[in-house]
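J.: coords please:
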Amino acid sequence: MIEPGLEKYQDRMVIMAFIFLTIALALVVLVALATLFVKFSRALCLRKLEYRRYFQRNRVIEGEETELVEEFTNHSFLPMFVVDVETHISSCIKMKGCQSDDEITQKFLSRFFIMPYTRIRRVHKAVCKKRGYYRLESAKITFAKVEVYLDSQAELYVYPVELPFPEQSRIREQLQYSAVSRRPLMEDPFSFAGIRKYVQGDPMHFINYKQSARRGEWMVNAREYMLGRRLLIYLNFQPNEKLHISQEQFGKYLEKELSAAAYLLWECVRNGYSYLFRMNSKMPSGESCVRTPMLSGEMKYEEILDEMAQTGYRYGVSMASMIDRDLRDGVSGMEMFLFTTYVDESLMERAVALEQAGNAVNLINLLEWQEWEYEKEEKTDDEIFFGSSFSDSGRYSGKTVYRNGEK
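T.: Modelled structure (predicted):
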């Protein structure tokens with residue numbers, strides 16, 4: 001027979017065992033539910049997240065500052081805590097707050113805490129240290145110990161550094177003295193560039209009566225323009241084996257070529273000149289050179305700057321072959337500016353051939369630019385520079401003056 005005290009003790013033990021079993025079972029259920037919730041939430045959140053990034057200004061000049069914008073959107077009804085976005089970008093684009101930098105690439109980490117149905121937008125400062133084309137392909141997203149890679153493309157064009165003011169003055173002065181024609185900007189009466197509204201001062205014969213009757217207001221025919229000056233700009237990326245300069249120094253001269261050409265192109269756009277562009281650099285797309293048709297205004301100006309941003313320091317074809325092609329095509333009546341790091345007999349022969357074809361040729365040797373001086377006192381008002389002569393070393397001598405096409 002069980003004593004009454006022992007019986008009560010046994011009942012208490014049974015109750016305690018039942019409570020402990022219930023708690024253990026509840027914990028197991030909670031752990032299972034938590035595991036399922038985590039898996040479900042991870043799968044759902046990763047499926048419902050949206051990440052986008054872009055540069056606020058994706059076309060800048062070397063040395064300028066831009067902004068990298070990140071937009072993270074949670075389209076699910078669950079919150080997302082501690083979401084890390086890892087980005088690798090070239091060290092030439094200095095990101096404020098980067099985690100590591102090995103002088104080649106930078107590791108940049110952004111951490112997000114985002115509530116359901118919420119979008120977060122962050123802006124990061126970036127300084128563009130070097131000309132080039134930079135592209136971000138994918139971003140590494142880490143959430144709840146799960147890593148995924150999302151396509152999030154962003155591209156940045158860094159144009160050549162702005163030319164210093166003294167060298168801008170030299171370019172403008174050379175442009176002034178090499179003028180082939182000083183005809184003003186004139187409308188071409190035989191062209192048709194569309195329909196626009198009448199403004200005060202438009203000639204009566206520009207009115208398009210059919211369109212005016214149809215629209216109930218005066219409309220006129222828009223005309224294209226005849227431009228008085230036409231420029232052809234050459235950039236020579238071919239090195240000279242006889243010149244013993246380091247690859248780093250050669251790269252600096254090529255950067256100077258790009259800056260000078262970019263400034264000259266802008267002068268063409270600003271003044272309404274027509275222009276062609278030639279560059280014998282091997283492009284990332286596989287093309288061996290860049291050749292443009294006759295352009296005017298800003299129609300293709302930005303595309304040329306994009307090409308300048310993408311180019312490296314390798315040449316694709318010789319400058320002689322590029323000039324020979326233009327000679328075969330019968331290019332005439334152009335003001336030509338050839339930026340180069342050397343002037344040899346081959347280039348001089350082709351410069352003479354271009355001048356004989358009716359062009360004004362200006363050879364600009366970047367190696368001797370510091371010693372480039374004009375002898376203004378030897379020029380008179382009726383003299384127009386039709387060409388440039390160089391000494392054997394490639395130095396501009398400023399003594400070759402052409403009057404009315406005759407030396």
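J.: The stretch 251-400 of the chain: helices as residue ranges?
T.: Under the criterion DSSP state H, counting those that start in this stretch, the stretch 251-400 of the chain contains helices at 301-310, 319-328, 345-356.
J.: if I look at residue 266, how far off is residue 297?
T.: For residue 266, the distance to residue 297 (CB to CB, to the nearest Å) stands at 12 Å. For every residue, glycine as well, the C-beta is placed using N, CA and C.
J.: do residue 61 as well
T.: Residue 61 sits 20 Å away from residue 297, going by CB to CB.
J.: report the longest helix in the chain, please.
T.: Selection of the longest helix in the chain by residue count, based on DSSP state H, yields helix 4-48.
J.: name the helices or strands packed onto the helix or strand just after that helix?
T.: Next helix or strand after helix 4-48 toward the C-terminus (DSSP states H and E): strand 49-55. Packing partners of strand 49-55 (3 or more CB pairs under 8 Å, 6 or more residues apart in numbering; DSSP states H and E): strand 65-74, strand 80-90, strand 132-143, strand 146-159.
J.: Tell me who's in contact with residue 61.
T.: By CB atoms under 8 Å, 6 or more residues apart in numbering, the residues touching residue 61 are 128, 158, 159, 160, 161, 162.
J.: 6 Å instead?
T.: Counting by CB atoms under 6 Å, 6 or more residues apart in numbering, residue 61 touches 159, 162.
J.: per-residue pLDDT, it?
T.: At residue 61, the pLDDT value in this model is 94.
J.: May I have the beta-bridge partners of it?
T.: Beta bridges link residue 61 to residue 159, judged by DSSP bridges.
J.: And residue 51, by the same measure?
T.: If you apply DSSP bridges, the partners that residue 51 bridges to are residue 72.
J.: roughly how far apart are it and residue 213?
T.: Residue 51 is 54 Å from residue 213, by CB to CB.
J.: more neighbours, these two?
T.: residue 51 (19 against 10; other CB atoms under 10 Å).
J.: thought the more buried one was touching residue 151?
T.: No: if you go by CB atoms under 6 Å, residue 51 and residue 151 don't touch, sitting 9.3 Å apart.
J.: sorry, back to before: same list (the helices and strands packed on strand 49-55) but as TSV, adding distance to residue 357, mean neighbour count and mean pLDDT.
T.: As requested, the helices and strands packed on strand 49-55 are exported to TSV (distance: least, CB to CB, whole Å; neighbours: other CB atoms under 10 Å; pLDDT from 0 to 100):
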stretch	distance to residue 357	mean neighbour count	mean pLDDT
strand 65-74	44	18	92
strand 80-90	44	17	87
strand 132-143	36	16	90
strand 146-159	32	16	90
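J.: Need those strands in CSV (columns: distance to residue 336).
T.: Putting these into CSV (distance: least, CB to CB, whole Å) gives the following:
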stretch, distance to residue 336
strand 65-74, 35
strand 80-90, 36
strand 132-143, 28
strand 146-159, 23
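J.: residues touching the closest residue to residue 268 other than its chain neighbours, list them.
T.: In space, and not counting its chain neighbours, residue 268 is closest to residue 275: 4.3 Å by CB to CB, 6 or more residues apart in numbering. Neighbour list for residue 275: 231, 268, 295 [criterion: CB under 6 Å, 6+ apart].
J.: Relative to residue 363, how far out is residue 275?
T.: 18 Å.
J.: Residue 63 too?
T.: Taking CB to CB, one finds residue 63 at 29 Å from residue 363.
J.: neighbour-wise, which of those two wins?
T.: Taking neighbours as other CB under 10 Å, residue 63 and residue 363 compare with residue 363 leading, 21 against 13.
J.: Could you give the bridge partners of the more buried one?
T.: Residues in beta-bridge contact with residue 363 (DSSP bridges): residue 338.
J.: doesn't residue 339 make contact with it?
T.: No: with contact defined as CB under 6 Å, residue 363 and residue 339 do not form a contacting pair (8.7 Å).
J.: tell me the domain boundaries of this protein?
T.: Taking automatic domain parsing as the reference, the chain has its domains at 49-159, 165-185+227-378, 192-221.
J.: Could you give me the buried positions within the shortest one?
T.: In this case it means domain 192-221. Using 16 or more other CB atoms under 10 Å as the test for burial, domain 192-221 gives 206, 208, 212, 219, 220, 221.
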